[in-house]
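**Q** Kindly return the folded structure for what I paste below:
(chains A, B, C and D, ligands or ions: 6)
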Amino acid sequence: MTEVDFTVEVCGMAGDGTIAVGGLINEAMSLGAFSVLGFDSYPAEIRGFGRCVTNSRIGSSEIVALGEQAHALISLNDEQSRSRVPFLAEDCMVFFDSAPPTKVTEDKSLLSVLPPGAQIFGIPFGNLAVSAAGSARGRNLTALGGFAAVCGISPDLFREVIGKKFGSKGDHIVSVNLKSFDAGYEYSKSVFANRLGNIFSDVESNAASPRVMLSGNQAIGMAAIDAGLKLYFGYPITPATPIMEYLAKYLPKQGGRVVQMEDEISSIAAVLGGFYAGARAMTATSGPGFALMTELITHGVMAEIPAVIIDAQRGGPSTGLPTKTEQSDLHAAVFGGPGDSARIVIAPTNVSECYYFVLKSFQLAEKYQTPVIILTDFFLDNRVENVVAPKASEEQKACSNVFPEESSKDNYQRYHYSSSGISPRAIPGMEGFNFTATGLEHTEKGIPDYSPETHSRMTEKRHQKLFSALVDLKEPEEFLSGDSLDVGVIGWGSTFGSIVEAVQRLRKSGFSVGALKISSIFPLHSEIIRKFMAKSTVVLIPELNYEGQLANLIGHLDSKPVERLNLVTGTPMPTSVIQERIYQLMEVLAQ
Amino acid sequence: MTEVDFTVEVCGMAGDGTIAVGGLINEAMSLGAFSVLGFDSYPAEIRGFGRCVTNSRIGSSEIVALGEQAHALISLNDEQSRSRVPFLAEDCMVFFDSAPPTKVTEDKSLLSVLPPGAQIFGIPFGNLAVSAAGSARGRNLTALGGFAAVCGISPDLFREVIGKKFGSKGDHIVSVNLKSFDAGYEYSKSVFANRLGNIFSDVESNAASPRVMLSGNQAIGMAAIDAGLKLYFGYPITPATPIMEYLAKYLPKQGGRVVQMEDEISSIAAVLGGFYAGARAMTATSGPGFALMTELITHGVMAEIPAVIIDAQRGGPSTGLPTKTEQSDLHAAVFGGPGDSARIVIAPTNVSECYYFVLKSFQLAEKYQTPVIILTDFFLDNRVENVVAPKASEEQKACSNVFPEESSKDNYQRYHYSSSGISPRAIPGMEGFNFTATGLEHTEKGIPDYSPETHSRMTEKRHQKLFSALVDLKEPEEFLSGDSLDVGVIGWGSTFGSIVEAVQRLRKSGFSVGALKISSIFPLHSEIIRKFMAKSTVVLIPELNYEGQLANLIGHLDSKPVERLNLVTGTPMPTSVIQERIYQLMEVLAQ
Amino acid sequence: MKTPARVLVEQVRNIRESGRFAARSNALPTWCPGCGYFGIHQGLSDCIAELGLSLHDVVTVSGIGCAGRYAFFSSTYGLHMVHGRTLPTATGIKLANPRLTVFAIGGDGDGLAIGAAHFPHIARRNINVNYLLFDNSIYGLTKGQPSPTSPVGSKTKASPYGTLDSPLNATLMALTYGASFVARLFAGDPKGITKALIEGIKNPGFSIFHIYTSCVTFDKTFKTWTNLKKWVHPLPKGYDPTDMRKAFDEVLSDDFSMGIIYNRGEQL
Amino acid sequence: MKTPARVLVEQVRNIRESGRFAARSNALPTWCPGCGYFGIHQGLSDCIAELGLSLHDVVTVSGIGCAGRYAFFSSTYGLHMVHGRTLPTATGIKLANPRLTVFAIGGDGDGLAIGAAHFPHIARRNINVNYLLFDNSIYGLTKGQPSPTSPVGSKTKASPYGTLDSPLNATLMALTYGASFVARLFAGDPKGITKALIEGIKNPGFSIFHIYTSCVTFDKTFKTWTNLKKWVHPLPKGYDPTDMRKAFDEVLSDDFSMGIIYNRGEQL
Ligand SMILES: Cc1ncc(C[n+]2csc(CCOP(=O)(O)OP(=O)(O)O)c2C)c(N)n1
Ligand SMILES: Cc1ncc(C[n+]2csc(CCOP(=O)(O)OP(=O)(O)O)c2C)c(N)n1
Ligand code: SF4
Ligand code: SF4
Ligand SMILES: [Mg+2]
Ligand SMILES: [Mg+2]
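**A** Ligands and ions are numbered 1, 2, ... in the order given. Below you'll find the predicted structure:
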């Protein structure tokens, strides 16, 4: 297969079928065994006016970050597409409606603002659709056909995914859509006969592909289902709502239940109640809702009750930027609770990790009897990747609760001291192990006790547990690293893909750079991080927040000050910005 | 005046009048122009059984920490007083009832466990009270009289404070109490004639003393009143409730209003509403309630609405240890909010600062248009000190809001960018300045806007404000310091008194040690702290929390790792523990 | 020549000059075309104009939701709060400056789910706040989840098999909490809203306006315009709103009678 | 010889052997002598004994407050939550394992102030939880502040000039929220409590037991034993608890009639 790294955008108004076309491109290219990463943006307002843009990056090697420059733009609405011009590659292909539904005036024209090198493909999307299928509604598929032909993608790939997508709506709909697609394909083939490329030449449908197209939120939902989730309690909030909606559909089928609660406080209360009574339970929210859970999270810490909490971050503070991405809840996740209330915080960096981390979080919560917070963000929740279909082994699904020994019956100590800090946990229904869990400080038996000795020892026990958990938490992972680095880049969450790609590019140019991925935000594998920092002449931490929240957390691990790269643009971290910054740091080093 | 540093404890069961006697000692010694620091502990349970202990430390120089070893113990209940034996100085005077109301068996006897050097004064408290005043109820005052005589304190001092304390209950009550007191005084004078001391010899009532006896919570209430507080909204919680109760009594007299709300969420919502509409408003809570305020605090940050919030810390996490002291909400106060939601956090270290910091907090909140959090703790809230009567100047009371210029009328930009980050704030009722405050990201006009430029600039503006606030925040203050130090101790909050005293003691022994007090927890005067750390060979941070929360915050400011001293005993930090630890560090240095 | 466009422009100018648009901000509401909230906006704007309230002496506090956006569409002072906290915020505002007329605005999710703890307490404190509860029986802004007033069996993306929970009745709740003024209104009747508001603002305590409205985008089956228009009707002739027991009877027997349900009749 | 002490010891042994003490934990309640909660404790413990529930199949969730301490005084499984969150926690427990019998216990502050948002929702979801609301019209544990059920004019340290807010009525609220079983009870009548509990536990949905009780330490004027004993009385003869409208009438006209106010009469 030839080396491919191709980004295509589709842009239109809500109602133009923009998102559908983007989705078909993703599915088709995934079927073609490419790696695909897609991210859509659509209007924040309900009322359904406004711009929709899809971005699909397609690669023959693993794609880990969003495409920054589009090699192709399919414009379903020229006025809206003008906003994409700054993001086009120099010799970008632009597909537009040469006979658009409404006349395009100069000030709304796309062509008038395109860069000189752009390759322009005018196709009468609407007219072709009307003559092929009797309605202009299929003009988005006509556009897709035109694009496919010019890029040299086998139409069979698209015909297959169109069939799949519309199959449930009946043969007629499928055939109408296929006709629209074909019309565009044939038009391009003939009209642009001498301009056809073969970027995707030897691509074939690879039905045996183990890959599936998933968003972060879908992966989270699947993981919860596979983990045997019994109860989901939640309250709608962007960008976490799709998790609840996914589970509302699939959880009842396996005997579980989704309850939309009255708020986030009751959601976490019910999760604690559910876990206390022996069921796997989960909630998902975003910053404002997460803030409301603060008190009860500390209760989970104190009473040692498991909980799984997804915090799908968005722009903040307060209601903030509900439809924008940001990584600014790290402080709150790690330090948010009054009292010495450390808990487990983990952060996946891609869709596949969304699945495996959430799967793991149930075992972590059960075994260490404490709330586990999973930090995702708008970008990670909503982007799609064609990941190797995730699958949980029996071992990964297994209950990891430490039950009390039969011999401790009738003399059971719920909060028994142990070197690991973990005490056996009985579940209501077990005879002879009755106890009362409490958020007051308590003895090993669970009796309230405020003596200096008890509080000192129990506080230590609770923190010891977290220390013990390190063995079960994913260690920081080095990427493209070496024995010593000029610049060592440390990252977390959805930003990490851009970091890896930036490092990759610079290493290709011969620079001594490397990256460290931190998956376990708390507790930290301090020694591993410290070593990486020590071997890096300069340490750079790029984050989508203003305060440098990861940098604040790990900055003290090495004596040299950390370089920070903080963006609060509401958009994913561009690879080029990191690359540029590393480059600058290298220049300073060279001086 | 001879040099005095004397600690006296009173111990009894609830109902014995223990707290009353402790209070009279504090008042009398304050009247005698001594410096006094007192701290009572009483049962956590409501039902009123259990041990009461008062601790009063009396000094001719300024007293900054609790007395650790009692030079005198007044036992109103011998069984309870046994628990105090470990805290008695070697040659401690012990006053006990030589004809107690119920017979004391061996296993409940105090005398049987006293250290050999103890000076024992048996006085028939109850019998004397009965014969003097007709009832044994006054036996606590008899005990006090006995104590006064032995220590050589003029009875007039006590007669004066007894008169004041019971004056409102009528002459009869006063005279009964005086009689009981006198009975004890005379008994001691005659029976222990040859054992009388004169520790407090030349003490006289100093009516002109500018000192008043105040608890931290009273000082907070007074400051709020003096600041012209208009609205207090709160929900009862230990140890913050007394602030509400103080204000409930005094605020209506100056036209303000106290509203007990339905929870802490509504309390902070109403405070934001009150400030938004131009009134000074405040709330006070403790960890669990503070946790519930998390979301709305971030709203204050985003919408730029002032708020004054007292977090009276107690043992945590969760409901924790409601009646014990701890400094473990620093993390939550500084980092607790999702989003980049930095706000102002300050921490008084003594009763006088409770007054002046709360007074100042209204101006800070108004000027910088952001929530201000004041961290106190159970010990600071409840301890009493005879402070120089606090008084607010007109300047300290003045409104510090930056109002918009008349010229900006009808084109007013609520969130106008400025180099300080501060924008003029209009108040409803002002004509021509109507605007909408919002927790969504917004333009200078306050219109919701999620563009990268707006969010980046506005985030910067909000943080710029905090940077600007540094000029109005109390700088870190060095105590007993020098150009270079072997050990530099950094502290905050109620712990700082013990730190100063420990440093003082070690300096007297010729050690090169010093202390730095941090009043502004966030933002930090980083340069000053950095310099102090740099000039200290070892930096020690003692705190009443497990995680080393201040150490986590400032640890990165210097390249050497910080030494931590963390206690979670629920009790004030003992001076001797700090002293011991510094001593150990010095020994290591010497090796 | 009078083109339709010119006619429109002229009409708008006339309305503006009449002052009826004064309480509307320059920002056009971002609600979906056909949303019931436009009618409420008209009713409230007209009320402010009719009473001649100075816009700078009026504060509109709104929560989060489509209804919560209201503060941006009003030219009074505005405070757009977080989800569910309009009522305690309004309490703070009113007590800070009793000269202000305060409107609190939020949806059925905002007021009856996340904010449900505050509704009883502002009522029992009888704070002089005018609360407009926009009840469309759906979560609009988050794209169509069931709300506390959705009927049993509601199918949404979040409840694909239908809801199980029985709905709450905000008018009945207001009576139960001892609210001193309770009106039940219909977004399709802006004039009725204006009238009730004018009455309610006179109440020196807490007044609630429970407004049935339609979410045309996410509710295609329950509170549609067609259904609402069919269902709503005025209170019985001769209905006496000062009798609290009668008010309970009315509300327990009829979900759709519109008007002033209860007015304790206090005077300033 | 039968000394009084021996008689007592024997009595206690008899009770223990009868199983009536089984549901009491070894920890003696830390409530003040004379507190009404002892009577409720007796009523609930006897109910568990009488029904012969296995103690390991029962969970007691309690909030924060003197009432909230209950979980420690019961020998069932217990969960002592934070302030105000017993009901959603109980929801999680019951849905996790429907075989468990779940009691939620909290004070009037816990349930009607900070936790007020949860009461309507567990009722409308009709979750099979038995909620015992200990209503002493005061905040006991925090030493005597007014609660949402304190009468107007209550003087406490937090309200030295008397309260202004009118009280809430939890029984009326339960009816308004559509609770399927509503009882109003008196702590001075443990047998009545046991009886109502036995009935309420049969209800396969949400049951609330609104229990009037006395805080002898902080309330010297309102819900004193003397007053309560004077005021309470049984529901009228022939009262039909399955008629919801009648239940409203009863509750609106009488604050002190005790018994099962409403029972939808559902069967498992
Ligand atoms: C704490 C918190 N939780 C959840 C959300 C997400 N959210 C925004 S609006 C809304 C509900 C909107 O429904 P409603 O109050 O009925 O208003 P409507 O949109 O129907 O007018 C929710 C759940 C939020 N902004 N904050
Ligand atoms: C979040 C939070 N706020 C406040 C408190 C303090 N607090 C403890 S119990 C209580 C109220 C107790 O009153 P009630 O619920 O009526 O119970 P009672 O003591 O009368 O049984 C309060 C306010 C707390 N523990 N947590
Ligand atoms: S989503 Fe519904 S409630 Fe929101 S603006 Fe549109 S129609 Fe109105
Ligand atoms: S304070 Fe009141 S409610 Fe609490 S235990 Fe004592 S009498 Fe009972
Ligand atoms: Mg709604
Ligand atoms: Mg109570």
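**Q** can you tell me how far the most centrally placed residue in chain A sits from A:Met29?
**A** Closest residue to the average C-alpha location of chain A: A:Leu380 at 1.9 Å, with Cα atoms, centre = their mean. According to Cβ to Cβ, to the nearest Å, A:Leu380 and A:Met29 sit 20 Å apart. Where C-beta positions appear, they are placed from N, C-alpha and C, glycine not excepted.
**Q** if we can go back for a sec, so the residue nearest to the centre of chain A, which state does it fall into?
**A** helix (DSSP: H, G, I helix; E, B strand; the rest coil).
**Q** from memory it sits against A:Gly216, does it?
**A** Yes. Applying Cβ atoms under 8 Å, one finds A:Leu380 in contact with A:Gly216, separated by 4.3 Å.
**Q** Which neighbours do those two have in common?
**A** A:348, A:351, A:354 (Cβ atoms under 8 Å, 6 or more residues apart in numbering or on different chains).
**Q** contacting residues around the last one?
**A** A:Cys354 makes contact with A:216-217, A:219-220, A:223, A:348, A:376, A:380, according to Cβ under 8 Å, 6+ apart.
**Q** which residue sits closest to it, ignoring its sequence neighbours?
**A** The shortest distance from A:Cys354 to any non-neighbouring residue, by Cβ to Cβ, 6 or more residues apart in numbering or on different chains, is to A:Ala219 (4.0 Å).
**Q** so is the residue in chain A sticking out farthest from the centre in a helix, a strand, or just coil?
**A** Farthest-out residue of chain A from its mean C-alpha position, per Cα atoms, centre = their mean: A:Asp410, at 46.8 Å. Three-state call for A:Asp410 (three-state DSSP): coil.
**Q** What sits closest to it if chain neighbours are left out?
**A** Using Cβ to Cβ, 6+ apart, the closest residue to A:Asp410 is A:Gly432 (5.0 Å).
**Q** what's that neighbour in contact with, if anything?
**A** Contacts of A:Gly432 by Cβ under 8 Å, 6+ apart are A:409-410, A:412, D:56.
**Q** all helices for the stretch 101-250 of chain C, in order.
**A** C:108-109, C:119-125, C:170-176, C:190-202, C:225-231, C:244-253 (DSSP state H, counting those that start in this stretch).
**Q** Kindly spell out which helices and strands sit in contact with the fourth one.
**A** Meaning helix C:190-202. For helix C:190-202, the elements it packs on are helix C:37-51, strand C:130-135, strand C:181-186, strand C:207-212, strand C:257-263, judged by 3 or more Cβ pairs under 8 Å, 6 or more residues apart in numbering or on different chains; DSSP states H and E.
**Q** got these as CSV, with mean neighbour count and mean pLDDT columns?
**A** Below are the helices and strands packed on helix C:190-202 laid out as CSV (neighbours: other Cβ atoms under 10 Å in any protein chain shown; pLDDT from 0 to 100):
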stretch, mean neighbour count, mean pLDDT
helix C:37-51, 21, 97
strand C:130-135, 28, 98
strand C:181-186, 28, 98
strand C:207-212, 28, 98
strand C:257-263, 23, 98
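**Q** Quick one: closest of these to B:Ala277.
**A** Among the helices and strands packed on helix C:190-202, strand C:130-135 comes nearest to B:Ala277, with 15.4 Å by Cβ to Cβ.
**Q** now that closest one and helix C:190-202, what's the angle there?
**A** Angle between the axes of strand C:130-135 and helix C:190-202 is 140 degrees (criterion: axes from the mean of the first three to the mean of the last three Cα atoms, to 10 degrees).
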